[in-house]
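> I would like to see how this sequence folds:
(4 chains)
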Number of protein chains: 2
Amino acid sequence: MATRIVEPEAGPRSKRAAILAAAVDCFGETSFEATKWSTVAERVGIGQTALYHYFESKTHCLLTIMRLELQRSHDKFTEATEDVTDPTEALRAAIRAAYDVSDHEVLQMRILHNHMDLLSGPRKSKREEAERVEARKLVQLVERDWMNLLVRGMSMGVFPLRDAQLLGASVLGLIVSVWRWYRPSGPTPLSEIGELIEGACVRMVAT
Amino acid sequence: MATRIVEPEAGPRSKRAAILAAAVDCFGETSFEATKWSTVAERVGIGQTALYHYFESKTHCLLTIMRLELQRSHDKFTEATEDVTDPTEALRAAIRAAYDVSDHEVLQMRILHNHMDLLSGPRKSKREEAERVEARKLVQLVERDWMNLLVRGMSMGVFPLRDAQLLGASVLGLIVSVWRWYRPSGPTPLSEIGELIEGACVRMVAT
DNA sequence: GATCAACCTGAGTTCAGTTCAATTCGGTGA
DNA sequence: TCACCGAATTGAACTGAACTCAGGTTGATC
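Coordinates of the predicted model:
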């Protein structure tokens, strides 16, 4: 059932990847609304209209970036937790994985969480809507990832019983809230932030 | 120093308040980007161009809504905590106050937190920039509100010593993360959400 | 070296946001 | 009572960034 969108296979002279990378830089640093679509084209070294060979619209590109980031987040969660049986350790591993990211991925996170509201309403065009629907599915997947982790801990008696859905959403909300203000150039290194959040989440869930 | 922007005094036939109310409804339900500025005008019952008598631009209106909401949040925090000496009780009171809001205020929260990124970059026009600067000040004020609460608890020995700035930002992030997904029509009543978050924050801070 | 699809372009269209010049409204003071 | 003034409003025109279209290149494959 959970069918991934097939990434258009890269013809050897495809600039899709380059466009996505440039768009992440622009949208992440300047904001989606404020960056001109034509600026992205310039950076890649093609005319504005060539963009429409790869993406149906500026928004379609944004939605693609968001979906890819969600896919990455989900995969990383799975990878980090699959071999960890102890729930508290799994929680810690998941959080450490969440903050083990490159600068480029930080931008993707920022873009994703600054435009979550895009995922609620339907889109007019086909391909945009496809990306949106897929992204929404992934959001729910990620939410379930965290909830399941809590449910497991609760049923094993390691975590006190609480509304796992609500608590999961809270943990997730706490973790991703960092991406709204964190800047790699800022005073606090990400590792330090991660450690504080890790502690906070464990107290929140396991106390 | 902290000089509030003087609200343009309402001439008796001013439609400013009506425009703000309509804009909150539109921006909150349909999203800022997707609602046409002219739709707001329609709702109020005036021509599109009349809007420019009150606001310099669509964005200027948005920034005003955001500033007003921030002002409200700060005032409410102060009011809820000023008479409470016990830090844990003050924390609880602040959180309860944060979730003691009308449906209209829920929309304002949603709008505010969906467009926080607007506050980082400077604006081109004067009045927009004034609102932006004022809003940023208020953001820092609110952040300091929470941080000070934690600092007080820590120095009184009630809360374990931790990075109060980071922890404050986290608490705040957790609390406001709710506004991204909460809908008054949803299955979980706000009171229940508030209670869970209240517990979570106390564990996070006081354990 | 013909063919075909992927890739690209310049010129032109659209549309929401915005500007402008001109007009109406309603309270105030002579 | 009426002239006046600023607040409030308007229709018509402008702007600029997203997007469309009709066609042109490129280069891998046969």
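
> is the helix ranked longest in chain A positioned near DNA strand D?
Longest among the helix segments of chain A by residue count, using DSSP state H, is helix A:126-155. No - Helix A:126-155 stays out of contact with DNA strand D when judged by CB under 7 Å from any atom of the strand, the minimum separation being 8.7 Å. In short, each C-beta sits where N, CA and C put it, glycine included.

> just checking, next helix/strand downstream of that helix?
helix A:164-177 (DSSP states H and E).

> what sits up against that next one?
A:95, A:98, A:109, A:113, A:142-143, A:146-147, A:149-151, A:154, A:197, A:200-201, A:204-205, B:169-170, B:172-174, B:176-178, B:180-181, B:188, B:192-193, B:196-197, B:200 (CB atoms under 8 Å, 6 or more residues apart in numbering or on different chains).

> next, the angle from it to helix A:126-155.
Put simply, helix A:164-177 runs at 120 degrees to helix A:126-155, going by axes from the mean of the first three to the mean of the last three CA atoms, to 10 degrees.

> could you give the angle of whatever helix or strand comes next after helix A:164-177 to helix B:190-206?
Heading C-terminal from helix A:164-177, the first helix or strand you meet, by DSSP H and E, is helix A:190-206. Interaxial angle, helix A:190-206 versus helix B:190-206 (the same axes, to 10 degrees): 120 degrees.

> avg pLDDT for helix A:190-206?
What helix A:190-206 shows for mean pLDDT is 98.

> list the contacts of it.
Taking CB under 8 Å, 6+ apart as the rule, helix A:190-206 contacts A:88, A:91-92, A:95-96, A:98-99, A:101, A:106, A:150, A:153, A:158-160, A:167, A:170-171, A:174-175, A:178, A:182, A:184, B:162-163, B:166-167, B:170, B:200, B:203-204, B:207.

> for residue A:35, see how far away the closest residue to residue A:22 other than its chain neighbours is.
Excluding the flanking residues, the one nearest residue A:22 by CB to CB, 6 or more residues apart in numbering or on different chains is residue A:43, at 4.3 Å. The spacing between residue A:43 and residue A:35, counted by CB to CB, to the nearest Å, is 10 Å.

> more neighbours, those two?
residue A:35 (19 against 16; other CB atoms under 10 Å in any protein chain shown).

> got the contact list for the more buried one?
Neighbour list for residue A:35: A:26, A:27 [criterion: CB under 8 Å, 6+ apart].

> before we move on, which element is it in?
Here residue A:35 is assigned to no helix or strand, by DSSP H and E.

> just the pLDDT for it.
98.

> over to residue A:109?
Looking at residue A:109, the pLDDT reads 98.

> residue A:39: what secondary structure?
Of the three states, residue A:39 takes helix under DSSP: H, G, I helix; E, B strand; the rest coil.

> what residues are up against it?
Shown in contact with residue A:39 (CB under 8 Å, 6+ apart): residue A:26.

> and it, how far from DNA strand C?
Note on residue A:39: its distance to DNA strand C, by CB to the nearest atom of the strand, to the nearest Å, is 14 Å.

> got the domain ranges for chain A?
Following the assignment in automatic domain parsing, chain A carries domains at A:13-54, A:59-206.

> deepest of those, which one?
Highest mean neighbour count among the domains of chain A (mean count of other CB atoms under 10 Å in any protein chain shown): domain A:59-206, with a mean of 18.

> touching DNA strand C at all, that domain?
No - on the criterion CB under 7 Å from any atom of the strand, domain A:59-206 is out of touch with DNA strand C, staying 11.4 Å away.

> give me the phi and psi for the residue located most distally from the centre of chain A.
Within chain A, the residue lying farthest from the chain centre (CA atoms, centre = their mean) is residue A:157, at 30.5 Å. Reported as degrees, to the nearest 10, the phi and psi values for residue A:157 are phi 80, psi 10.

> ok, now residue A:123?
Phi and psi for residue A:123, reported as degrees, to the nearest 10, are phi -110, psi 160.

> pLDDT at it, what is it?
96.

> in contact with it: list those residues for me.
Residue A:123 neighbours (CB under 8 Å, 6+ apart): A:59, A:63, A:129, A:132.

> I'd assumed residue A:119 was in contact with the last one.
In other words, residue A:132. Yes - counting by CB atoms under 8 Å, residue A:132 touches residue A:119, with 5.9 Å between them.

> tell me which element the spatially closest residue to residue A:32 that is not a sequence neighbour is part of?
Nearest in space to residue A:32, with sequence neighbours left out and distances taken as CB to CB, 6+ apart, is residue A:62 at 5.7 Å. Per DSSP H and E, residue A:62 falls inside helix A:58-81.

> for that helix, what is the average pLDDT?
Averaging pLDDT along helix A:58-81 gives 98.

> what does chain A have sitting close to chain B?
Within chain A, the positions adjacent to chain B are A:30-31, A:33-34, A:114, A:116-118, A:121, A:162-163, A:166-167, A:169-170, A:172-174, A:176-178, A:180-181, A:188, A:192-193, A:196-197, A:199-200, A:203-204, A:207 by CB under 8 Å from any CB of the partner chain.

> my guess is the residue nearest to residue A:22 meets residue A:27, correct?
No - using CB under 8 Å as the test, residue A:43 is too far from residue A:27 to be in contact (11.7 Å).
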